[in-house]
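Trainee: need coordinates for the following:
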Amino acid sequence: PAKMPKVTADTGLAAPTMATDGRAVFAIFATGDVIALDMTGKRLWARNLGVPDNHYGHGSSLIVYKDKLLIQYDTNKSGKLIALDTQTGNPAWETARNSKISWSSPILVNTGSRTEVILTTNPNVNGYDPQTGKELWNISCLSGEVGPSAGYADGMVFAANEYAKLVGIKIGGGTPEIIWEADEFLPEVSSPMAVNGLLFIATTYGVLACYDAKTGTKNWSQEYGDAFYSSPGDADGKVYITDMTGKTHIVKASKDYQLIGT
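Mentor: Down below sits the predicted model:
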């Protein structure tokens, strides 16, 4: 674009995480520019989606499904889910979304019967067919400026936002429905993560909380004092969460709180 968009220091021009299909690397910027590079850094293709009308800067990360690059493009003007051909950058399909601006990212899940791409925004959590862009379902349950992406495990979708609520949505058989709700600890940026039947939530007021993923019952919460923007990750029965000062806290992935190290 001829003029660079205004972005906040928190977001910058390159907030979204890149994606790869193993052959190329794809990146998107707050200018609306999308680029594909080969593994030596050579430009394969690039296109501009239009400068997003976004008062913080574009934050939604990319994801690849087969031969399609999927882009959540929820702005103040309109909401879209866009698929570009990974080899050419040409549009494969585009689905209009009944949504407000968001900074969350799409996730891909295998429900056992099909693959879905799931998006969160204000007010909806939506499931789409990643091959065609057809909306499969939607549930209105969120509000505010949605930053956290959805989480998923064992047939349950988890969605949350600060000043809204945390919900567990059962999908995969029949009509998706909200099974439980909670509102004590809510993330502003960090995404929910489910593992071993447990759900972990990290907040900007420095709390990591653990819930029963099936029932929404809180197992424990722990205050760390420093804000969490990053999302929890898991490996080897452990949960890793990095705060805004750069400290990574490692806890046992269990219904009883146990700090392993910092």
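
Trainee: so what secondary structure elements neighbour the host helix or strand of Ile260?
Mentor: Secondary structure from DSSP states H and E places Ile260 in strand 259-261. Taking 3 or more C-beta pairs under 8 Å, 6 or more residues apart in numbering; DSSP states H and E as contact, the helices and strands that strand 259-261 lies on are strand 248-252. Where C-beta positions appear, they are placed from N, C-alpha and C, glycine not excepted.

Trainee: averaged pLDDT, the strand holding Ile260. What do you get?
Mentor: In this model, strand 259-261 has a mean pLDDT of 98.

Trainee: what lines up beside that strand in the sheet?
Mentor: Strand 259-261 sits in its sheet next to strand 248-252 (antiparallel), going by DSSP bridges.

Trainee: my guess is Asp10 meets Tyr56, correct?
Mentor: Yes - between Asp10 and Tyr56 there is a contact under C-beta atoms under 8 Å: 7.0 Å.

Trainee: of these two, who's got more company?
Mentor: For Asp10 versus Tyr56, neighbours defined as other C-beta atoms under 10 Å are more numerous around Tyr56 (17 against 11).

Trainee: per-residue confidence at the more buried one?
Mentor: Note on Tyr56: pLDDT of 95.

Trainee: check contacts around it.
Mentor: Shown in contact with Tyr56 (C-beta atoms under 8 Å, 6 or more residues apart in numbering): 7-8, 10-11, 103.

Trainee: roughly how far does Lys214 sit from Leu199?
Mentor: Note on Lys214: its distance to Leu199, by C-beta to C-beta, to the nearest Å, is 9 Å.

Trainee: next, show the common contact partners of these two.
Mentor: Residues touching both Lys214 and Leu199 (C-beta under 8 Å, 6+ apart) are Gly168.
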